[in-house]
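*Asks:* after the sequence you'll find the predicted model.
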Amino acid sequence: MPPTSTLLRAARPAFRAQKNTFFTSQATRTRFQGQFRQKLGGYGKRWQSTAAPTAGEQVGWFKRMWDSPIGLKTVHFWAPVMKWALVLAGVADFARPVEKLSLTQNGALTATGLIWTRWCLIIKPRNILLASVNFCLGIVGIVQVSRILIYNASHKGQSTGEQLEEAKESVVDTAKGVQKEVIDAVKSA
């Protein structure tokens, strides 16, 4: 009996003859391309003009910004512009005495800046302007929190963990006070 490889080699032309050549023939391909061209107005799928726009078609900077998905009439532009006020306020606080700064407030600004920086790079359209302002807000917050923790460590003799635990207790006490005020206001109404 001959080896199996010889039998399969001899049978290959028979398998090729049974292959369906309908979808690979040049005539079928041309027919399908013709149908697409008719749907696209006579142009192929890859048609693109290389002609430069005429002087009447050129659009100014303001018009491009106005019609952009992150342009002047969207929140993607105005939110970062207004958020720069927070960054500038944080920079102005560099001149403030450290004992007057709030650890919880600056911690919240730091977390906001860092979390939203990542989010701005994920959303569509990607908003680099908003990401940059949030990054700056996070950096300002990190500097302020560092100043507060260093001050507390040098003046109160507390470690960083103790300072954070004290800040946590302060937040919990404030929340309980607000809850009590709300309950009293609802009972009196």
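*Replies:* Ah, there it is.
*Asks:* in terms of helices and strands, where is I115?
*Replies:* helix 103-122 (DSSP states H and E).
*Asks:* and that helix, which residues are buried?
*Replies:* For helix 103-122, burial by neighbour count (16 or more other CB atoms under 10 Å) applies to 103, 106-107, 109-110, 112-114, 116-117, 120. For glycine as for every other residue, the C-beta is placed from the backbone atoms N, C-alpha and C.
*Asks:* same question, stretch 88-97
*Replies:* In stretch 88-97, counting by 16+ other CB under 10 Å, buried: 90, 93.
*Asks:* give me the residues contacting it.
*Replies:* 101, 106, 109, 137, 140-141, 143-144 (CB atoms under 8 Å, 6 or more residues apart in numbering).
*Asks:* related to what we said a few turns ago, helices or strands up against the helix holding I115?
*Replies:* Counting contacts by 3 or more CB pairs under 8 Å, 6 or more residues apart in numbering; DSSP states H and E, helix 103-122 packs against helix 75-92, helix 128-156, helix 160-188.
*Asks:* most tightly surrounded among those?
*Replies:* helix 128-156 (a mean of 18; mean count of other CB atoms under 10 Å).
*Asks:* now that one: average pLDDT?
*Replies:* For helix 128-156, mean pLDDT is 92.
*Asks:* packing partners of that helix?
*Replies:* helix 75-92, helix 103-122, helix 160-188.
*Asks:* any chance of those helices in TSV, with mean pLDDT and distance to V133 too?
*Replies:* Shown next, in TSV, are the helices and strands packed on helix 128-156 (pLDDT from 0 to 100; distance: least, CB to CB, whole Å):
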stretch	mean pLDDT	distance to V133
helix 75-92	89	4
helix 103-122	93	8
helix 160-188	85	26
